[in-house]
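Chemist: Sequence and predicted structure are below.
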Amino acid sequence: MSAVHSASHPLEDPTTPPPLTTPPRKASVRLQERRGSNLSLLLDVSSLGAEPVCSVSTPKEVWLQLLHTSSRPLTTTLLQLAGIDKNTLNVEYQKIPPNFVNAAELDVQGHMIKDRYKTILPNPESRVVLRNLEEEASPDRYINANYIRGYGGAPRAYIATQGPMLHTVGDFWDMVWQERSSIIVMVTRLKENNEKCELYWPQPRERRRRKSRRSVKEEEEEEEEQREEEEEEGETERFGRFLLRVTDSWEKDGFTVTDMDIQLGSEHRPIRHYWFTSWPDHHIPQCTAPLLRLVEEVETYRKSLPPPSCQPITAPAPDPGPIVVHCSAGIGRTGCFIVSSIGCQQLRDTGQLDILETVCQLRLDRGGMIQTTEQYQFLYSTLAQFSRQLQLNQEQNQNQQNPEEQVSVQLQNLELDNTQNKKNLENQQGSIQT
């Protein structure tokens, strides 16, 4: 029976699938996986049944040329109008080349295990390289971070990086120490649907009221002693090869400020950590005021920092280390903070602003900075609000001149009025005589 069965149906084999009449469908590729590609745009017309005539490609050199030359300087008045025109801003944003890095361009072996997102990679020309900790010669270490130019093209004013992962926390603090950074700005929560950042610094101690049958006075004395001990010792925890101790922490204007002491061996350095938690992932805050307050607070503190103590007294005072800024991927909210900071400085100094040029500069240093059209529009709204504040402050300063200056201005105006009146009178007399 089996022989007859096999002879009558020689092609039926339960272990062999039937031949495919059409090629298998390719697996779908998600937008997040495509957005990091720097491949040329190629239009394939072979499926139309005609012989392809030409192909349209966008080489990377064209993208880089656009990033180097794109500009839209705006006065404060034009800035107010531009912030309202959402359609024009959308078109402007879509024309900015993303300048994402292809994995083939990043010649670093084993970097994938230290990348939070496989399509968000540091630009090779500006990436931060961690020096080898060992004495013998060996390759330098990798971290997903880039140096970012600041206002006026100032080199290494910022470092944009991804949120530390469990196995990259040590690398993060190695970078902060190596670059002598004194300020860290964190623009993400630890979790938003999924993990966005690993907890990489000690949390301040919570003062807990102990229940007992002792008198109120004894409880108050014990709490006072406990508070003094906490202020003296702080919360201490080891991260990588560093010992971190919280010296102070407070809430201010929608963000948390934490002062820390970082120690390696016998050397201690101060670190200030700003944690802005009210910015939702891929979206924008409900208002511009908290971000502007954070930018102002960071800039004020940066200017107050003394130069690094390791420099000789006779040496010129160096600038403080780069401001380390991160969210989760290190391109969206991170880029918004840096552009806002640069834009505020530009408005203060020149009274004009070029957001397009600034975003292009950031993307030359780290691909994909400013992740969405919504974030780009928010930048215009934020900096337009800041320009209005500057105008109000200037008007208030003029109204608050000291009495001597006010009297001097009034006398000058009076002299000008008298001179003009004399000229008018002479002209009238001359016309009467003629």
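Modeler: Done, it's in.
Chemist: Just the buried residues of stretch 347-363, please?
Modeler: Residues of stretch 347-363 classed as buried: 347, 353-363 (neighbour count, 16 or more other CB atoms under 10 Å). Backbone N, C-alpha and C define where each C-beta goes, glycine included.
Chemist: Go through these and flag which are in helices.
Modeler: Within the buried residues of stretch 347-363, residues falling in helices by DSSP state H are 347, 355-363.
Chemist: related to what we said a few turns ago, pick the one among the buried residues of stretch 347-363 closest to residue 249.
Modeler: Distance to residue 249, by CB to CB, is smallest for residue 362 among the buried residues of stretch 347-363, at 30.4 Å.
Chemist: contacting residues for the closest one?
Modeler: Contacts of residue 362 were listed using CB atoms under 8 Å, 6 or more residues apart in numbering, and they are 148, 160, 335, 338-339, 369-370.
Chemist: Secondary structure, distance to residue 103 and neighbour count for these - can I get that in JSON lines?
Modeler: Conversion of the contacts of residue 362 to JSON lines gives the following (DSSP: H, G, I helix; E, B strand; the rest coil; distance: CB to CB, whole Å; neighbours: other CB atoms under 10 Å):
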{"residue": "148", "secondary structure": "strand", "distance to residue 103": "22", "neighbour count": "27"}
{"residue": "160", "secondary structure": "strand", "distance to residue 103": "19", "neighbour count": "29"}
{"residue": "335", "secondary structure": "helix", "distance to residue 103": "21", "neighbour count": "28"}
{"residue": "338", "secondary structure": "helix", "distance to residue 103": "25", "neighbour count": "29"}
{"residue": "339", "secondary structure": "helix", "distance to residue 103": "27", "neighbour count": "22"}
{"residue": "369", "secondary structure": "coil", "distance to residue 103": "19", "neighbour count": "28"}
{"residue": "370", "secondary structure": "coil", "distance to residue 103": "22", "neighbour count": "26"}
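Chemist: Adding distance to residue 118 and pLDDT, write these out as CSV.
Modeler: Below are the contacts of residue 362 laid out as CSV (distance: CB to CB, whole Å; pLDDT from 0 to 100):
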residue, distance to residue 118, pLDDT
148, 22, 98
160, 18, 98
335, 20, 98
338, 24, 98
339, 25, 98
369, 18, 98
370, 21, 97
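Chemist: farthest-separated two in the residues you listed?
Modeler: Checking the contacts of residue 362 with CB to CB, the most distant pair is 148 and 370, at 12.4 Å.
Chemist: And for residue 367, the neighbour number?
Modeler: A count of nearby residues for residue 367, using other CB atoms under 10 Å, gives 23.
Chemist: element containing residue 385, please.
Modeler: Using DSSP states H and E, residue 385 sits within helix 373-399.
Chemist: Which of the three states applies to residue 246?
Modeler: Per DSSP: H, G, I helix; E, B strand; the rest coil, the local secondary structure of residue 246 is strand.
Chemist: If I look at it, what pLDDT would I see?
Modeler: pLDDT recorded at residue 246 is 96.
Chemist: ok, now which ones touch it?
Modeler: Residue 246 neighbours (CB under 8 Å, 6+ apart): 201-205, 234-236, 258-260.
Chemist: what's the spacing between it and residue 85?
Modeler: Computed as CB to CB, to the nearest Å, the residue 246 to residue 85 distance reads 46 Å.
Chemist: hey, where'd the strands end up in the stretch 151-300 of the chain?
Modeler: With DSSP state E, counting those that start in this stretch as the criterion, the stretch 151-300 of the chain has strands at 158-161, 183-186, 191-192, 194-195, 236-239, 242-252, 255-264, 267-276.
Chemist: Could you single out the most deeply buried of those strands?
Modeler: Highest mean neighbour count of the strands of the stretch 151-300 of the chain: strand 158-161, a mean of 28 (counted as mean count of other CB atoms under 10 Å).
Chemist: which other residues reach it?
Modeler: Against strand 158-161 from outside (CB under 8 Å, 6+ apart): 128, 143-148, 150, 172, 175, 179, 181, 322-326, 330-331, 334-335, 338, 341, 362, 365-366, 369.
Chemist: Equivalent analysis for stretch 280-290, please.
Modeler: Residues from elsewhere that reach stretch 280-290 (CB under 8 Å, 6+ apart): 188, 192-193, 196, 253-255, 276, 278-279, 291, 327-328, 332-333, 371-372, 374-375, 378, 381-382, 385-386.
Chemist: In PyMOL, select just the buried ones from the residues you listed.
Modeler: The buried residues among the contacts of stretch 280-290 can be selected in PyMOL (16+ other CB under 10 Å) with this line:
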select buried, resi 188+196+254+255+276+279+291+327+328+332+333+371+375+378+381+382+385+386
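Chemist: Surely residue 240 and residue 169 touch.
Modeler: Yes: Residue 240 sits in contact with residue 169 when judged by CB atoms under 8 Å, with a separation of 6.2 Å.
Chemist: Farthest pair within the ones in helices among the buried residues of stretch 347-363?
Modeler: Using CB to CB, these span at most 21.3 Å, a distance reached by 347 and 363.
Chemist: Start and end of stretch 173-184, how far apart?
Modeler: Using CA to CA, to the nearest Å, one end of stretch 173-184 lies 11 Å from the other.
Chemist: Likewise for stretch 144-155?
Modeler: Start-to-end, stretch 144-155 (CA to CA) is 18 Å.
Chemist: now do stretch 257-270
Modeler: End-to-end distance (CA to CA), stretch 257-270: 13 Å.
Chemist: which residues make contact with it from outside it?
Modeler: 173, 176-177, 180, 182, 201-202, 204, 234, 241-251, 271-275, 297.
Chemist: Excluding chain neighbours, what is closest to residue 356?
Modeler: Closest residue to residue 356 apart from its sequence neighbours, by CB to CB, 6 or more residues apart in numbering: residue 72 at 4.2 Å.
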